[in-house]
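Student: Based on what follows, work out the 3D shape:
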Amino acid sequence: MHLSVSMLMRDLPHEPERQPKFRRFILEDWNPLSGHGKQRIIYAPNPAMRIVHKRIRMHLLDRCPPSPYATGSVRGGSTLVNAKRHKGNRFFLLYDIRSAYPSVDLEKLIWCLAQCDPRAVSTGDWYCEVEEVLTRFVMAEEGGLMTGAPSSPAWFNLYAGVLIDIPLGAYCLKHGLTYTRYLDDITISSLKPIGHRVNGKRKSRKIRDGIRAIIESSGMAIHDEKALAHDIMRGPVVINGIGMDRDGRMFVPRHFFHRVKNALRSALRTAGAYPPPAIVNGLMSVIRAVTRRYVFATRGQQKLLDLHRKWKWRQDLIRNATRKATKKSKPKKARR
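Tutor: Model (predicted):
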């Protein structure tokens, strides 16, 4: 595994104004469901930086196999796939990791990368090269992964896949639980209460404490305000925007339409920096997968489709600008 700055910067423009860089700004992120808002520091990449992160992501996908429990920002994964794995179960535990990207530690991330190919560690100055790449292109000034960087979801999947998925997946398998993770959202379900009575003693608290201990051992914390224990017989459960009732029927809740609409408006306002295209495509894939076709009965739903078309048009402009920057950066062949 060889990952160096010189490799990532190959054939890119040398002019200062076209060098790979981020535009850093603060976004007021408002959650209409909870009624709370918070400030997010967003890093918007220019076309050259998008090329660098595309190379980083391709390098990760080639070398690091995705976790079997990860369903977000992986090939073949989606929120619908995540929900389907829990179809038929009755009892659910939903957890959200608090400040997921800022919680990523540089030293632990390098260690997780080394687990993909231990032979790479013995090759020269591997550690120094990787540390330079991560510090320059991936890690934020204030610590953690950059929010808005194209390869951040892949880095987080690598980080959580090693530190959370492996031990928590084995723990859930031992206790007969179904476990999946959609980026920083953790879903655990079972046919029986988590846990049931054994020898007259209730083990639910013990099992839940074990789950919490595994997550916190990675250096991350659970967002207690968003944690939910639910019995599907008392009403439908919503997993990452996908509603599921007791019969296993999937549907899109009304509030999820509002969430997608707000995400599209934010992406248009920030020129696609936040949420990143992968998140927007994931949200729209939920609606496409569940409704199965672009047929919207209400005027509000039709407006959502219009916003998505406008966003796709903006993304085409960004892609064309990236292609032009790539072509101009390639040296011209000398004429004979």
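Student: and residue 87, what element?
Tutor: Under DSSP states H and E, no helix or strand contains residue 87.
Student: three-state assignment of the nearest residue to it once chain neighbours are set aside?
Tutor: Spatially, and ignoring its direct neighbours in sequence, residue 87 is nearest to residue 248 (4.8 Å; CB to CB, 6 or more residues apart in numbering). C-betas here are computed from N, CA, C, even on glycine. Look at residue 248: counting by DSSP: H, G, I helix; E, B strand; the rest coil, its state is coil.
Student: Residue 248 and residue 89 touch, don't they?
Tutor: No. With contact defined as CB atoms under 8 Å, residue 248 does not reach residue 89; the gap is 9.6 Å.
Student: More neighbours: which of the two?
Tutor: Neighbours were counted for residue 248 and for residue 89 using other CB atoms under 10 Å; residue 89 has more, 20 against 13.
Student: how near is that one to residue 189?
Tutor: Computed as CB to CB, to the nearest Å, the residue 89 to residue 189 distance reads 4 Å.
Student: what sits in contact with each of those two?
Tutor: Taking CB atoms under 8 Å, 6 or more residues apart in numbering as the criterion, residue 89 and residue 189 both touch residue 178.
Student: Tell me where the model's unsure across the protein.
Tutor: Filtered on pLDDT under 70, the chain yields the residue ranges 1-3, 29-37, 61, 117-124, 195-204, 272-273, 291-298, 326-336.
Student: Show me the strands in it, by range?
Tutor: Counting by DSSP state E, the chain has strands at residues 22-31, 36-45, 91-98, 178-182, 185-190, 197-198, 201-202, 221-222, 228-231, 237-239, 242-244, 250-251.
Student: Point out the other helices and strands that the third one packs with.
Tutor: If I follow you right, that is strand 91-98. If contacts are counted by 3 or more CB pairs under 8 Å, 6 or more residues apart in numbering; DSSP states H and E, strand 91-98 sits against strand 185-190, helix 204-217, strand 221-222, strand 228-231, strand 237-239.
Student: Could you dump the ones you listed into CSV and include mean neighbour count and distance to residue 308?
Tutor: CSV is the format used below for these (neighbours: other CB atoms under 10 Å; distance: least, CB to CB, whole Å):
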stretch, mean neighbour count, distance to residue 308
strand 185-190, 23, 23
helix 204-217, 15, 34
strand 221-222, 15, 33
strand 228-231, 14, 29
strand 237-239, 22, 21
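Student: Mind checking those for the one nearest to residue 278?
Tutor: Counting by CB to CB, residue 278 lies closest to strand 185-190 out of those; the figure is 14.8 Å.
Student: Quick check: residue 256 vs residue 87, distance?
Tutor: Computed with CB to CB, the distance linking residue 256 and residue 87 is 18 Å.
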